[in-house]
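Student: Return a 3D structure for these sequence lines:
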Amino acid sequence: MPAPVPATLIRGRPSRPTLPPRGPKPQWLRVKAPGSPGYLRLTRLTHQLSLNTVCREANCPNIGECWQHGTATFMILGSVCTRSCGYCNVVHGAPDAVDRTEPTRLAEGVAALGLEYVVVTSVDRDDLPDGGAAAFAQTIHAIRQRVTACRIEVLVPDFSGRACDLECVLDAGPDVLNHNLETVERLYRTARPGGRYRWALRLLDHARRYRPSTPTKSGIMVGLGESRDEIRAALADLRGVGCDILTIGQYLRPSAAHLPVARYYHPDEFAELKQHALGLGFRHVESGPLVRSSYHAHEQAEAFDRRA
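Tutor: Here you go, the predicted structure:
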């Protein structure tokens, strides 16, 4: 296990004691159990339309808050991933055949909820020649046909580094193109063995060059054992490829079978990270213990528009 990260990410400030990675979670990571009317309504809808959400599959801590407000991140191409990342709670194995009716059903769900902003992601589908790019494009088109004013953010896989598959998604006209870096380069082999750090950066760089009018977005987790300098290097790499919007959140271990938490970051440290990232030139930064890639996604896009 790498040594714990220094508590402060800004030089010249006093350190805080490192919080224990085991035992009860800190108070700022505790959330209420879901059960609001909005949560129950969205639960019924996803079951009725046989839709998957990353909120539930990844056991997101914000599911109660987001679903209460009718916001969800829909996951296409099934619920079984072909990769086995050490931090992720999504089931991995041999996925089912692609459901050709899924884009239409998802569009129906967006219309039924009256959404003005939707996030669409997927499991990794390394079994498909295009990695699922065509399904993303079809889903974007289906939503546009049903709800013309709805803004669409896509959180795409790395397509194993294939630029043509990324272009297929961008040609469908998403409003935001998101691909998460997830962690620092040194930890990729452990945390994300099926991916490549440089694939992620090249994808974001190609998206910016191919479709300059589409904002690019990425996110990282902290608490996996990364160092201060590694975090700074990852953020600099993202800005180096023109990434516009950044999310930073605490890694939370889904189960004993997943990678352990090296440490919990204090909310003040997330605030310091945000200021450092803004200093690098990111247009908008969402940084906090419970921040996830799609948390407050529509507010992120709106804030970006105001700054643009």
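
Student: ok, the most centrally placed residue in the chain - contacts?
Tutor: Closest residue to the average C-alpha location of the chain: residue 293 at 3.2 Å, with Cα atoms, centre = their mean. With contact set as Cβ atoms under 8 Å, 6 or more residues apart in numbering, residue 293 has these partners: 73, 155, 178, 180, 217, 219, 247. (Glycine included, C-beta is placed from N, CA and C.)

Student: I'd like the residues you listed as a markdown table, with distance to residue 271 and pLDDT appended.
Tutor: Formatted as a markdown table, the contacts of residue 293 follow (distance: Cβ to Cβ, whole Å; pLDDT from 0 to 100):
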| residue | distance to residue 271 | pLDDT |
| --- | --- | --- |
| 73 | 25 | 79 |
| 155 | 25 | 96 |
| 178 | 23 | 97 |
| 180 | 21 | 96 |
| 217 | 20 | 96 |
| 219 | 17 | 97 |
| 247 | 14 | 96 |
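
Student: Restricted to strands, list those residues.
Tutor: 73, 155, 178, 217, 219, 247 (DSSP state E).

Student: Would you agree the first one is in contact with residue 117?
Tutor: By that I understand residue 73. No: the criterion here is Cβ atoms under 8 Å, and residue 73 misses it with residue 117 at 10.8 Å.

Student: between those two, who's got more neighbours?
Tutor: Counted by other Cβ atoms under 10 Å, residue 73 and residue 117 do not tie: residue 73 has more neighbours, with 25 against 20.

Student: can you give me the strands in the chain?
Tutor: Using DSSP E, strands in the chain cover 52-53, 73-76, 80-81, 91-92, 117-122, 151-155, 176-178, 216-222, 245-250, 284-287.

Student: Out of those, the one nearest residue 136 is which?
Tutor: strand 151-155 (5.7 Å; Cβ to Cβ).

Student: pLDDT score for residue 124?
Tutor: Looking at residue 124, its pLDDT is 95.

Student: Show the contacting residues for it.
Tutor: Residues in contact with residue 124 (Cβ under 8 Å, 6+ apart) are 81, 82, 83, 131, 157, 194.

Student: cutoff 10 Å now
Tutor: Shown in contact with residue 124 (Cβ atoms under 10 Å, 6 or more residues apart in numbering): 77, 80-85, 88, 90, 92, 95, 131-132, 157-160, 194-195.

Student: What number of residues are in the vicinity of residue 76?
Tutor: There are 24 residues near residue 76, going by other Cβ under 10 Å.

Student: so which of the strands of the chain gets nearest residue 187?
Tutor: Residue 187 lies closest to strand 216-222 among these, at 9.7 Å (Cβ to Cβ).

Student: Check which helices and strands the closest one is in contact with.
Tutor: strand 151-155, strand 176-178, helix 197-210, helix 228-240, strand 245-250, helix 267-280, strand 284-287, helix 297-307 (3 or more Cβ pairs under 10 Å, 6 or more residues apart in numbering; DSSP states H and E).

Student: Output the ones you listed as CSV; include the columns mean neighbour count and distance to residue 103.
Tutor: Below are these laid out as CSV (neighbours: other Cβ atoms under 10 Å; distance: least, Cβ to Cβ, whole Å):
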stretch, mean neighbour count, distance to residue 103
strand 151-155, 23, 12
strand 176-178, 24, 18
helix 197-210, 19, 21
helix 228-240, 18, 30
strand 245-250, 24, 25
helix 267-280, 17, 34
strand 284-287, 23, 28
helix 297-307, 17, 20
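
Student: In CSV, list those along with distance to residue 126.
Tutor: Output for the helices and strands packed on strand 216-222, formatted as CSV (distance: least, Cβ to Cβ, whole Å):
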stretch, distance to residue 126
strand 151-155, 17
strand 176-178, 19
helix 197-210, 12
helix 228-240, 24
strand 245-250, 25
helix 267-280, 31
strand 284-287, 29
helix 297-307, 26
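
Student: mean pLDDT lowest for which of those?
Tutor: What stands lowest among the helices and strands packed on strand 216-222, in mean pLDDT terms, is helix 297-307, with a mean of 64.

Student: nearest spatial neighbour of residue 281, skipping sequence neighbours?
Tutor: In space, and not counting its chain neighbours, residue 281 is closest to residue 239: 5.4 Å by Cβ to Cβ, 6 or more residues apart in numbering.
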